[in-house]
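# can you look at this prediction? I've put the sequence above it.
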Amino acid sequence: DTSNGKIKKTLNIAIIGGGLVGSMAALHLGKKGHQIHLYEYREDIRKAQLAKGRSINLSLSARGRVALAEVGLEEELLQHGIPMYGRMLHDLNGNMTFVPYDRNTKQCIYSVGRKKLNEILLNTAEKYTNIHFNFNRKLISARFREGQMEFKDPITNELHKATADLVIGCDGAYSAVRKNMLSTPGFNFSQSYIQHGYLELCIPALDGQFAMPHNYLHIWPRGEFMMIALPNQDKTWTVTLFMPFKKFEDLKSACDLVQFFDENFPDAIPLIGEKRLISDFFSLKPQHLISIKCYPYHISSKVLLLGDAAHAMVPFYGQGMNAGFEDCTILSRILDNPNVQIADVLKSFSECRHQDAHAICDLAMYNYIEMRDLVRTRKFRIRKALDEFLHKLMPLKWIPLYNSVTFTTMPYRKCLENRNWQDKVLTRTFATILTFTGCFVIVYLYNIFFALGNRN
Ligand SMILES: Cc1cc2nc3c(=O)[nH]c(=O)nc-3n(C[C@H](O)[C@H](O)[C@H](O)COP(=O)(O)OP(=O)(O)OC[C@H]3O[C@@H](n4cnc5c(N)ncnc54)[C@H](O)[C@@H]3O)c2cc1C
Ligand SMILES: Cc1cnn(-c2ccc(OCc3ccccc3)c(C(=O)O)c2)c1-c1ccc(Cl)c(F)c1
């Protein structure tokens, strides 16, 4: 159909995956009037118990908020989120030190429940008559050039076929859509698992209240082991323990586990509860963490990847969902260009997005490495204090890396360039200080020996 002279084509779009990014993409594209058919492997999350072993809450920051605002959901989500105004660092003696994100502007990130977020996105999408949900539909094969897909119902094992003008893969890190693209000449793909796994524990409410000060992201930086806690609406905490798989395997008995926590996270034992710690730790398997890059994200005018399907990252920046939501913002903006052909939309999305997506994957991996050498809270604090001091000195030049990633929509690749520049400045400054100190020591020692020589 045409309207005001422009060729406006309403597309029949299949979105594979009804997770956070799939449901966000359905909203962004449904809002433009396209016919959206969302196919989700699992049952309707709004009726299901939470899938074990998935991060129960997540940190929502600037990029994710922009995407939510675009579909009119930012305020509602912030109502359900808990603001965290900085890090609360736990040292080995159980002392807590607050390091704010920004003393002046009271910047914060929000802890939001994954299930709640997904429910709100799905409930909102359901209101659009042009958005159609198909749960219990696992994509098992596709002929994308012909727009043909085949699904299997994991409950009945029935097969279902469907066609679409455009297929958007939002089916996560182990994407079936991406797997199907691997055979396309020119499609580049890389993945790497890290040695650390993660396991979720819980700090229950204490007399109906939070057991720790709750407007903070709690971090136990222990070098090779890292633990964080994000608050939940029900006054509990989701604790995520990151540890090498080898270490998980070494902790074979309850005694090993309690002794390990006593040595590394002594204050966490009474908070979690020894019995609960033992039962939760041994009832769940540590989960793998993977980093995935690919390029391009599209095939002609027929397929596009968004979210973890396009760029899964290790969670050491709390940006995976925020980056996937930002994918939707960017795709939506490109689609707003008048008279643009869908093939050109997908091409420019791939071209402009892949550098940023690869940058945040690298930054998250960089953090993973950086945080392992932050064995003590003092070092963490010094790093942050240095960042804050330099930011005060050159507010427009020195934006702490974490702040540029988390509190701005600066393209991730610019954040990475910013970090490389900061590393150069710090290395040069440190080298200069060392040189001056070295010269000073040499002159000082020379004078002492010279004076001593004269005295004799
Ligand atoms: C421990 C941990 C902590 C994290 N913390 C944060 C954080 O604090 N902040 C943040 O921003 N991000 C965080 N993340 C990252 C975040 O969870 C992901 O980036 C986000 O879930 C990606 O959303 P997605 O919709 O792309 O993929 P997913 O959430 O994986 O959803 C994919 C959906 O597709 C469905 N699916 C899969 N295969 C098929 C198929 N063949 N057919 C049909 N459907 C299919 C799945 O059932 C699922 O519903 C964390 C991740 C982990 C592991
Ligand atoms: C879920 C979530 C949301 N944000 N962050 C996050 C990440 C890194 C940070 O700094 C790293 C750094 C400090 C000092 C020098 C380099 C890097 C900070 C910070 O500065 O508060 C916060 C996380 C997170 C996720 C996993 C682990 Cl293990 C973790 F500790 C925190």
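That came through, no problem. Numbers count the residues shown, from 1 in each chain. Ligands and ions are numbered 1, 2, ... in the order given.

# CA only for contacts and neighbour counts going forward, please
Fine.

# how about the residues of the stretch 301-450 of the chain by ligand 1?
Within the stretch 301-450 of the chain, the residues that sit near ligand 1 (C-alpha under 6 Å from any ligand atom) are 307, 308, 309, 315, 318, 319, 320, 321, 322, 324.

# where along the stretch 151-300 of the chain do the helices fall?
For the stretch 151-300 of the chain, the helices defined by DSSP state H, counting those that start in this stretch cover 176-181, 245-250, 254-264, 268-272, 274-283.

# distance to ligand 2, mean pLDDT and mean neighbour count added to the ones you listed, as CSV?
Below are the helices of the stretch 151-300 of the chain laid out as CSV (distance: least, C-alpha to the nearest ligand atom, whole Å; pLDDT from 0 to 100; neighbours: other C-alpha atoms under 10 Å):
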stretch, distance to ligand 2, mean pLDDT, mean neighbour count
helix 176-181, 26, 97, 20
helix 245-250, 15, 96, 13
helix 254-264, 14, 96, 15
helix 268-272, 15, 97, 17
helix 274-283, 18, 96, 16
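
# okay, those helices in CSV with distance to residue 229 next?
Converted to CSV, the helices of the stretch 151-300 of the chain look like this (distance: least, C-alpha to C-alpha, whole Å):
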stretch, distance to residue 229
helix 176-181, 32
helix 245-250, 19
helix 254-264, 15
helix 268-272, 10
helix 274-283, 14
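
# how about the residues of the stretch 1-150 of the chain near ligand 1?
Residues of the stretch 1-150 of the chain lying near ligand 1 (C-alpha under 6 Å from any ligand atom): 16-22, 39-42, 55, 58-60, 137-139.

# tell me the secondary structure at the one residue in the stretch 351-456 of the chain that gets nearest to ligand 1.
Using C-alpha to the nearest ligand atom, residue 406 is the residue of the stretch 351-456 of the chain that sits closest to ligand 1, at 9.8 Å. On the three-state scheme (DSSP: H, G, I helix; E, B strand; the rest coil), residue 406 is labelled helix.

# confirm that residue 49 sits in a helix.
No. Residue 49 is assigned coil when assessed by three-state DSSP, not a helix.

# just the pLDDT for it.
pLDDT for residue 49: 71.

# please enumerate the strands of the stretch 251-400 of the chain.
Assigned by DSSP state E, counting those that start in this stretch, the strands in the stretch 251-400 of the chain fall at 287-295, 298-299, 303-305.

# whoops, the stretch 101-250 of the chain was the one
109-113, 131-134, 138-143, 148-152, 159-163, 166-169, 188-203, 217-222, 225-231, 237-244.

# one step back: for the helices of the stretch 151-300 of the chain, which one sits closest to ligand 1?
The closest of these to ligand 1 is helix 176-181. By C-alpha to the nearest ligand atom, the value is 4.8 Å.

# check whether the closest one comes near ligand 1.
Yes. Applying C-alpha under 6 Å from any ligand atom, one finds helix 176-181 in contact with ligand 1 at residue 176.

# can we start the residue count at 12 from this point?
From this message on, residue numbering opens at 12, which makes the last subject helix 187-192.

# packing partners of that helix?
Where contact means 3 or more C-alpha pairs under 8 Å, 6 or more residues apart in numbering; DSSP states H and E, helix 187-192 is packed against strand 149-154, strand 177-180, helix 319-322.

# would a markdown table of those with mean pLDDT, distance to residue 77 and mean neighbour count be doable?
Below are the helices and strands packed on helix 187-192 laid out as a markdown table (pLDDT from 0 to 100; distance: least, C-alpha to C-alpha, whole Å; neighbours: other C-alpha atoms under 10 Å):
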| stretch | mean pLDDT | distance to residue 77 | mean neighbour count |
| --- | --- | --- | --- |
| strand 149-154 | 95 | 30 | 18 |
| strand 177-180 | 97 | 21 | 26 |
| helix 319-322 | 98 | 18 | 27 |
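
# right, and these - which one's nearest ligand 2?
Ligand 2 lies closest, by C-alpha to the nearest ligand atom, to one member of the helices and strands packed on helix 187-192: helix 319-322, at 16.1 Å.

# my guess is residue 109 is in a helix, correct?
No. According to three-state DSSP, residue 109 belongs to no helix; its state is strand.

# confirm for me that it is in contact with residue 97.
Yes. The pair residue 109 / residue 97 is scored as a contact, 6.8 Å apart, by C-alpha atoms under 8 Å.

# these two: who's more crowded?
Counting neighbours by other C-alpha atoms under 10 Å for residue 109 and for residue 97 shows that residue 97 has the greater number, 20 against 15.

# quick check: phi and psi on that one?
phi 170, psi -170 (degrees, to the nearest 10).

# so how far is residue 270 from it?
Distance of residue 97 to residue 270, computed by C-alpha to C-alpha, to the nearest Å: 30 Å.

# that older thread, which of the residues of the stretch 312-461 of the chain next to ligand 1 count as buried?
Among those, the ones that count as buried by 16 or more other C-alpha atoms under 10 Å are 318, 319, 320, 326, 329, 330, 331, 332, 333, 335.

# pull the most distant pair out of the residues you listed.
Farthest pair in those (C-alpha to C-alpha) is 320 and 329. Separation: 16.9 Å.

# ok so, going back, the residue of the stretch 362-467 of the chain closest to ligand 1 - how many residues pack around it?
Around residue 417 there are 25 residues (other C-alpha under 10 Å).

# residue 195 too?
Neighbours around residue 195, by other C-alpha under 10 Å: 9.

# contact partners of whichever strand or helix holds residue 78?
Assigned by DSSP states H and E, residue 78 falls within helix 73-81. When contacts are defined by C-alpha atoms under 8 Å, 6 or more residues apart in numbering, helix 73-81 is touched by residues 35, 39, 85-86, 120, 332-334, 336-337, 339-340, 417-420.

# closest one of those to ligand 1?
When the contacts of helix 73-81 are compared against ligand 1 (criterion: C-alpha to the nearest ligand atom), the nearest one is residue 332, at 3.4 Å.

# quick check: the closest one touching residue 30?
No. Counting by C-alpha under 8 Å, residue 332 stays clear of residue 30, with 10.1 Å between them.

# low-scoring pLDDT stretches of this structure, where are they?
The chain contains residues with pLDDT under 70 at 12-19, 61-66, 386, 467.

# and it, which residues reach ligand 2?
For the chain, the contact set with ligand 2 under C-alpha under 6 Å from any ligand atom comprises 70, 98, 230, 237-239, 326-329, 378, 381-382, 391, 394.

# ok, so of these, who is nearest residue 187?
For the residues of the chain next to ligand 2, the nearest to residue 187 is residue 326 (21.7 Å; C-alpha to C-alpha).
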